[in-house]
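# The following comprises the amino acid sequence and a computationally predicted model.
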Amino acid sequence: MKKNILVGVCAGISSYKTCELVRLLVKNNFSVKVIMTENSTKFVTPLVFQSLTQCPVYLDTFGLSDCGSIKHISLAKWAHACVIAPLSANSLSKIAQGLCDNLLTTVVCALPKNTKVLLIPAMNENMWNNPIVGENIRKLEKIKKYIILPPQKGELACGDSGQGRMPQPGEIYTTLKSITK
């Protein structure tokens with residue numbers, strides 16, 4: 001049976017890697033739908049993900065959806081698993097606090113309790129090491145449905161070197177495949 005994967009994309013330079021992740025998922029017979037935050041569209045356009053998935057890209061909480069269904073509920077019910085890559089500090093904090101002010105955070109809140117959510121934080125090292133971000137990570141780690149693949153060390157987009165890089169798409173794919181068995 002084909003597994004349905006909901007891919008969330010937050011704003012971040014590493015969102016170009018999410019294109020490769022989506023390509024890997026489609027190539028390996030997963031059904032993929034993409035939700036993008038408004039700011040993520042400044043890095044990669046929705047057309048790229050639409051072309052890779054052959055499905056519409058979801059952006060707006062209140063836009064019309066298929067067959068009059070309630071979009072955030074129908075997407076949440078459709079997904080066998082969810083991956084958010086890259087996960088920004090902003091969206092991480094919203095998810096940890098249960099804030100639902102965009103389609104992605106609303107869908108994550110509406111996911112059934114047994115639907116796994118793979119979180120792929122990617123940000124500047126200072127943001128990753130911020131005590132509030134750390135507190136939010138620890139809060140989500142206590143909830144069994146959330147699996148966090150921490151950022152890697154290396155050169156960051158700003159030229160600094162440290163922990164904050166998004167893992168490679170192959171590593172994310174392998175982790176996602178293992179939680180969807």
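Great, that's in hand.

# How are the strands of this protein distributed by residue range?
Applying DSSP state E to the chain gives strands spanning 4-9, 31-36, 57-58, 81-87, 116-121, 146-148, 152-155, 161-165.

# Compare those and give me the one nearest Y173.
Closest of the strands of the chain to Y173 is strand 81-87, at 9.1 Å (criterion: C-beta to C-beta). Where you see a C-beta, it was placed from the backbone N, CA and C, and this is true even at glycine.

# now the strands of the chain as TSV including mean pLDDT, distance to L21 and mean neighbour count?
Output for the strands of the chain, formatted as TSV (pLDDT from 0 to 100; distance: least, C-beta to C-beta, whole Å; neighbours: other C-beta atoms under 10 Å):
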stretch	mean pLDDT	distance to L21	mean neighbour count
strand 4-9	98	7	26
strand 31-36	98	9	23
strand 57-58	95	15	21
strand 81-87	98	6	26
strand 116-121	98	9	24
strand 146-148	98	15	18
strand 152-155	82	15	12
strand 161-165	83	14	18
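
# Residues contacting stretch 124-131, please?
With contacts defined as C-beta atoms under 8 Å, 6 or more residues apart in numbering, stretch 124-131 is touched by 89, 121, 133, 151, 156, 158, 160, 162-164.

# Could you point out which of those residues is nearest to L75?
Nearest member of these to L75, counting by C-beta to C-beta, is P121, at 21.9 Å.

# quick one: contacts for that closest one?
By C-beta under 8 Å, 6+ apart, the residues touching P121 are 86-89, 92, 128, 133, 137, 148, 150-151.

# so what's it closest to, chain neighbours aside?
Counting by C-beta to C-beta, 6 or more residues apart in numbering, the nearest residue to P121 once its immediate chain neighbours are dropped is L87, at 4.7 Å.
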